[in-house]
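Colleague: Quick one, what's the 3D model for this:
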Amino acid sequence: MAYYQEKPHIMKHTDDALKGDFFMRSQNTAETSAAQRYLKAFLTGLLAAGVIMTGIYMLFAVVAAMTDLPSAFLMGIVFLGIIAAGFFSGYIAARLTGNKGLLTGFVNGLAAAVLFLIISVCLFSSGLSLMLGIKLFLLVFLSACGGIFGVNSKKVRR
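Modeller: Alright, predicted model coming up:
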């Protein structure tokens, strides 16, 4: 106790550390805000992928209902939806984070691919096939490319 009487600032730091108030406060705040920024960008990119894919598929579902389209054309529409959704999900996520575009796009594409896989297997009861693997690879690859473009695109000045 005599040690703490000679150096009262040590006792204060010890009490604050026990309460969890003193140490690492500014670092935790910075880490939390960075984690929140990445999470927001990740979720926004996934949401963009879902909206783009749904929009393209709904548009062409209306066109397909009105006209008689060959199945090869419908397969092309599916690939168009995957290309657009993959690229723009990585692009938007990387634009929001501002750095690590390849990693951000890749992770976002991986999550979108898992989501697409779950939807494909559950809703359409399609098994794993070569065509599904190509679609998933394309989704991840184009999302990573979109992330690279998103980080390297010029910033808009206002």
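Colleague: Spatially nearest residue to Arg45 (excluding sequence neighbours)?
Modeller: For the record, residue 45 is Gly, not Arg. Closest residue to Gly45 apart from its sequence neighbours, by C-beta to C-beta, 6 or more residues apart in numbering: Ala93 at 3.2 Å. All C-beta spots, glycine's among them, are computed from the backbone N, C-alpha and C.
Colleague: same thing with Ile77?
Modeller: The spatially closest residue to Ile77, leaving aside those adjacent along the chain, is Phe60, at 4.6 Å (C-beta to C-beta, 6+ apart).
Colleague: Tell me how many other residues surround that neighbour.
Modeller: Neighbour count for Phe60, taken as other C-beta atoms under 10 Å: 18.
Colleague: same check, this time on Val62
Modeller: Residues within reach of Val62, counting by other C-beta under 10 Å, total 10.
Colleague: Just the element for it, please.
Modeller: With the criterion set as DSSP states H and E, the secondary-structure element containing Val62 is helix 25-66.
Colleague: Show me which positions of the following helix or strand past that helix end up buried.
Modeller: Beyond helix 25-66 in the direction of the C-terminus, DSSP H and E gives the next helix or strand as helix 71-97. Of the residues in helix 71-97, those buried by neighbour count under the rule 16 or more other C-beta atoms under 10 Å are 77, 81-97.
Colleague: same deal with stretch 119-132?
Modeller: Buried residues in stretch 119-132, counted by 16+ other C-beta under 10 Å: Ser120, Leu132.
Colleague: which other residues reach that stretch?
Modeller: Where contact means C-beta atoms under 8 Å, 6 or more residues apart in numbering, the residues beyond stretch 119-132 that reach it are Leu117.
Colleague: gap between that stretch and the chain center?
Modeller: Averaging C-alpha positions (C-alpha atoms, centre = their mean, to the nearest Å) puts stretch 119-132 22 Å from its chain's average.
Colleague: mind exporting that stretch as PDB, just the C-alpha atoms?
Modeller: C-alpha atoms of stretch 119-132 as PDB (Å, rounded to 0.1, in the frame of the first residue of the first chain):
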ATOM      1  CA  ILE A 119     -30.800 -20.200 -53.500                       C
ATOM      2  CA  SER A 120     -29.900 -22.400 -56.500                       C
ATOM      3  CA  VAL A 121     -29.900 -25.600 -54.500                       C
ATOM      4  CA  CYS A 122     -32.900 -24.900 -52.300                       C
ATOM      5  CA  LEU A 123     -35.300 -23.200 -54.700                       C
ATOM      6  CA  PHE A 124     -34.500 -24.900 -58.000                       C
ATOM      7  CA  SER A 125     -33.400 -28.200 -56.500                       C
ATOM      8  CA  SER A 126     -30.500 -28.200 -58.900                       C
ATOM      9  CA  GLY A 127     -27.500 -30.300 -57.800                       C
ATOM     10  CA  LEU A 128     -23.900 -29.300 -58.100                       C
ATOM     11  CA  SER A 129     -22.900 -29.200 -61.700                       C
ATOM     12  CA  LEU A 130     -20.200 -27.900 -63.900                       C
ATOM     13  CA  MET A 131     -22.400 -25.000 -65.100                       C
ATOM     14  CA  LEU A 132     -23.200 -24.000 -61.500                       C
END
